[in-house]
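**Q** sequence first, predicted coordinates after that:
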Amino acid sequence: MKVAVCIKQVPDTEAEIKWDTEKGVLKRDAIDPITNPFDEFAVEEALLTREKYDCEIYAISMGPEKAQDVLRNALALGVNGVYHILDAQLSGSDTYGTAYALAAAIKKIGDVDIVFMGRQSTDGNTGVVPGELAAILGYTPLTYVAKIREIDFQGKKIVVERAVEGGFEVVEGKLPAVVSVIKGINEPRLPNLMGIRKAAKMEIPKWSCDDLGLEKDKVGLSASATRVVEISVPPPKAQGEVLKGELDEVAETLVSKLLDLKIIK
Amino acid sequence: MGDVWVYIEHKEGFTSPFSYELLGVGKRIAQERGGKVCALVIGENVDSIVKDAFAYGAEKVYLISDSSFKSFRSDLFTKAACTLIEKYGPDIILFRSTTQGTDLSSGIAGKLGVGICADAVNIYHENNVLKMVRAAFGGRFNVTVANERAFPKLVTVRPKAFEMPEKKEGQEGEVVKESLSLSDADSFIKVLDFLKSSVTVNLVEADIIVSGGRGLGKPEGFNLIKEFADLIGGAVGASRAAVDSGWIPYEHQVGQTGKTVKPKLYIACGISGAIQHLAGMRTSDCIVAINKDPDAPIFKVATFGIVGDLYQVIPKLIEKFKAKLGK
């Protein structure tokens, strides 16, 4: 029994982001990269699944050379194997190109019953890769999962709770499935020192487009239907007003100003 | 150029006015590109949805109605939508960037091998090219992307990014009905149950949100936030710090790793305004900040600010609102 987990390296969510607005690219070197926060929940859910059902875990990341750091972190947490999808031709892939490459990697690993991933990345923020990946692989799409109730690997079934608008939808899905998880599904553990030391020495296998048998016209910047035409800084909000004076007076002013907006009835 | 389709989301036949919100922007783009704005409706017993789609401005409705489409199941709805897309070839399809809109658009994208422009905050047609604006890195940058090639062009749009279209009862148009009957065996998903959330107001659709952060100091602080929110008809939000402290469930979290909201009024209480929080609320129409620290970054995005102890300020505001609203 195998599960896979897809992880992405993203700029630190707390970091100051700098764009080269002339060239339209991100000044990535200036930013500390981290594992996409949502993917940490995916890795933890894979580890919990292994503890309960005794499966193997394979972590995959697609990204530049440096993305191997997030895979090393997964190794330190004890995943069974990792694969780094690394090829200059993949640079600039859109969500479809990304999902297509991930799908090929999952097929190459073979017999994967569940693909865990975060609900979205904090840099791209699209949240569409899990659904696209499921559609490409023909796996059951189970997105926004807040809880896994039960997995029946032999009977090829999984029951999850999905956080949708207004509540939680309880669904049973057939395996294999793509499960995208939300924050709060678990408490991600930290790697221990031994794990980190062990992971530091391990070889990280790399897969190129050719290794994965990817059609070149489906990946990379040239395949992307969308292109960035402008990056701008939104106009600053008009200078706000800090109300000064005695509390009673300040509260009176604010309440009048807010009632004037005719939003509160 | 072809038509602009707008997917009308619903929950077992029930819609909110927001289900129709994209018919407004859809109509504008359709006019700019010389096509029609059409509603895409998939469900069971959806006559009232078809009627409302016309009332909100759809010129045509593409419909698949069958008992197998009672509840939204992304694999079945994807099959239904792809059947219509392959037959009628829309130019653009708009979805809301909700869970349902994201599920369906991504299913279609995967099946048809096209990308998606996700969570657009503006869409326009310029020199025969469709352009979309997305907020990147928590709204600190606007990125404009052009899509000339994809067919169809799939776009998910941030809820409330555009004005609601006007509703005019009695408008009619052509209904293109396609019959497609799928059985449960065609879906890999079985909906077993729905656990309604205790949070009655949907944060994303709320006009007013009162949020609490680390400055509350204790979980009971949210009782005061809730009292204030209830009084002015708002929903309760929270910062990551408050959620991570275990004071309130994650479904209330606003920010980069929580929900992105755009209410008319956002009141931030005891929230310093970390980048990660601002990402989720900075486009709100009016922002009020209540914080002890005059240097808190939240004041930089606030329309109105009060520097002070929220445990003194909020009760005072409650008192004043009660008097003025006669409650």
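**A** It's in. Residues are numbered from 1 along each chain as shown, chains lettered A, B, ... in the order given.

**Q** so residue 39 is in which element?
**A** Since no chain was named, I'll use chain A. A:Asp39 is part of helix A:37-53 when elements are defined by DSSP states H and E.

**Q** correction: the question concerned chain B.
**A** Going by DSSP H and E, B:Ala39 is in strand B:37-43.

**Q** what lines up beside that strand in the sheet?
**A** Strand B:37-43 has the following strand partners under DSSP bridges: strand B:4-7 (parallel), strand B:60-65 (parallel).

**Q** follow-up on the earlier one: list the buried residues of the helix holding A:Asp39.
**A** A:37-47, A:49-50 (16 or more other C-beta atoms under 10 Å in any protein chain shown). No exception for glycine: its C-beta is placed from N, CA and C like everyone else's.

**Q** what of stretch B:55-66?
**A** B:Ala55, B:Tyr56, B:Gly57, B:Ala58, B:Glu59, B:Lys60, B:Val61, B:Tyr62, B:Leu63, B:Ile64, B:Ser65, B:Asp66.

**Q** and stretch B:118-136, by the same measure?
**A** Within stretch B:118-136, the residues that qualify as buried by neighbour count (16+ other C-beta under 10 Å) are B:118-123, B:125, B:130-136.

**Q** now it: average pLDDT?
**A** The pLDDT scores in stretch B:118-136 average 91.

**Q** ok, it near chain A or not?
**A** Yes: where contact is defined by C-beta under 8 Å from any C-beta of the partner chain, part of stretch B:118-136 touches chain A, namely B:Ala118, B:Asp119, B:Lys131, B:Met132, B:Ala135, B:Ala136.

**Q** what residues does that stretch touch?
**A** Stretch B:118-136 is contacted from outside by A:95, A:124-128, A:226, A:229, A:231, A:234, B:25, B:29, B:32-33, B:92, B:94, B:97, B:102, B:105, B:117, B:141-148, B:153, B:155-158, B:161, B:260, B:283, using C-beta atoms under 8 Å, 6 or more residues apart in numbering or on different chains.

**Q** give me the subset of these lying in helices.
**A** Among those, the ones falling in helices (DSSP state H) are A:Thr95, B:Val25, B:Ile29, B:Glu32, B:Arg33, B:Thr102, B:Ser105.

**Q** tally of neighbours for B:Lys327?
**A** 9 (other C-beta atoms under 10 Å in any protein chain shown).

**Q** quick one: it from B:Ile209, how far?
**A** 19 Å (C-beta to C-beta, to the nearest Å).

**Q** and for B:Ala242?
**A** 14 Å.

**Q** any idea which helix or strand in chain A has the lowest mean pLDDT?
**A** In chain A, no helix or strand scores lower on mean pLDDT, DSSP states H and E than strand A:25-26, which sits at a mean of 62.

**Q** do whatever helix or strand comes next after it and chain B meet?
**A** Following strand A:25-26 in sequence order, the next helix or strand is strand A:33-35 (DSSP H and E). No: if you take C-beta under 8 Å from any C-beta as the test, strand A:33-35 misses chain B, and the best it gets is 12.0 Å.

**Q** list the strands paired with strand A:33-35, with their directions.
**A** In the sheet, strand A:33-35 lines up with strand A:9-11 (antiparallel) (DSSP bridges).

**Q** low-confidence ranges, the stretch 101-250 of chain B, go.
**A** B:138, B:199-201 (pLDDT under 70).

**Q** 90 instead, please
**A** Scanning the stretch 101-250 of chain B for pLDDT under 90 picks out the ranges B:114-115, B:126-128, B:135-143, B:147-151, B:160, B:181-186, B:196-205, B:250.

**Q** show me the residues around A:Asp111 that make contact.
**A** Each residue near A:Asp111 by C-beta under 8 Å, 6+ apart is listed here: A:Lys2.

**Q** could you measure from it over to chain B?
**A** 17 Å (C-beta to the nearest C-beta, to the nearest Å).

**Q** I'd like the strands paired with strand B:37-43 as TSV, with mean pLDDT and distance to A:Ser222 appended.
**A** Below are the strands paired with strand B:37-43 laid out as TSV (pLDDT from 0 to 100; distance: least, C-beta to C-beta, whole Å):
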stretch	mean pLDDT	distance to A:Ser222
strand B:4-7	98	27
strand B:60-65	97	33
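
**Q** which of the buried residues of stretch B:118-136 sits closest to A:Ile31?
**A** Lowest distance from A:Ile31 to these (C-beta to C-beta) belongs to B:Ala136, with 13.3 Å.

**Q** burial of the closest residue to A:Ala104 other than its chain neighbours, as a residue count?
**A** With sequence-adjacent residues excluded and distances taken as C-beta to C-beta, 6 or more residues apart in numbering or on different chains, A:Ala104 is closest to A:Leu212, at 4.0 Å. A:Leu212 has 20 neighbouring residues, counting by other C-beta under 10 Å.

**Q** pLDDT wise, what is A:Leu212 at?
**A** For A:Leu212, the pLDDT comes out at 97.

**Q** test my guess that it contacts A:Ala103.
**A** No: the pair A:Leu212 / A:Ala103 is not scored as a contact, 9.2 Å apart, by C-beta atoms under 8 Å.

**Q** return every residue with contacts to both of those two.
**A** By C-beta under 8 Å, 6+ apart, A:Leu212 and A:Ala103 have no common neighbours.

**Q** excluding its backbone neighbours, what's nearest B:Ile232?
**A** A:Ile264 (4.7 Å).

**Q** over to the one you found. Which of the three states is it?
**A** coil (DSSP: H, G, I helix; E, B strand; the rest coil).

**Q** quick one, phi psi at it?
**A** phi -90, psi 130 (degrees, to the nearest 10).

**Q** what about chain B: which of the buried residues of helix A:37-53 touch it?
**A** Checking these against chain B (C-beta under 8 Å from any C-beta), the matches are A:Pro37, A:Phe38.

**Q** how about the helices in chain A?
**A** Going by DSSP H, chain A shows helices at A:37-53, A:68-76, A:95-109, A:129-137, A:193-200, A:209-212, A:247-260.

**Q** let's see the longest one as CSV, backbone CA atoms only.
**A** Looking back up the chat, that one is helix A:37-53. Provided in CSV are the C-alpha atoms of helix A:37-53 (Å, rounded to 0.1, in the frame of the first residue of the first chain):
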residue,chain,number,x,y,z
PRO,A,37,2.2,25.7,5.2
PHE,A,38,-0.8,23.7,3.9
ASP,A,39,1.5,20.9,2.7
GLU,A,40,2.8,20.4,6.2
PHE,A,41,-0.7,19.2,7.1
ALA,A,42,-0.6,16.9,4.1
VAL,A,43,2.7,15.3,5.2
GLU,A,44,1.5,14.9,8.7
GLU,A,45,-1.7,13.2,7.5
ALA,A,46,0.3,10.8,5.4
LEU,A,47,2.4,10.0,8.5
LEU,A,48,-0.7,9.4,10.6
THR,A,49,-2.2,7.2,7.8
ARG,A,50,1.0,5.1,7.9
GLU,A,51,0.9,4.8,11.6
LYS,A,52,-2.7,3.5,11.4
TYR,A,53,-2.7,1.5,8.2
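
**Q** now what about it, what contacts it?
**A** A:1, A:3, A:5-8, A:13, A:35, A:55-57, A:59, A:70, A:74, A:77-79, A:114, A:116-122, A:148, A:151, A:153, A:179-189, B:257.

**Q** now the lengthiest strand in chain A and helix A:129-137, what's the angle there?
**A** Criterion DSSP state E: the longest strand present in chain A is strand A:140-152. In terms of direction (axes from the mean of the first three to the mean of the last three C-alpha atoms, to 10 degrees), strand A:140-152 departs from helix A:129-137 by 90 degrees.

**Q** what's strand A:140-152 packed up against?
**A** When contacts are defined as 3 or more C-beta pairs under 8 Å, 6 or more residues apart in numbering or on different chains; DSSP states H and E, strand A:140-152 packs onto helix A:37-53, helix A:129-137, strand A:157-164, strand A:167-174, strand A:177-181, helix B:74-88, helix B:99-112, strand B:189-196.

**Q** and of those, who's closest to B:Ile248?
**A** strand A:157-164 (15.0 Å).

**Q** neighbouring strands for the closest one, and are they parallel or not?
**A** Strand pairing for strand A:157-164, determined by DSSP bridges: strand A:140-152 (antiparallel), strand A:167-174 (antiparallel).
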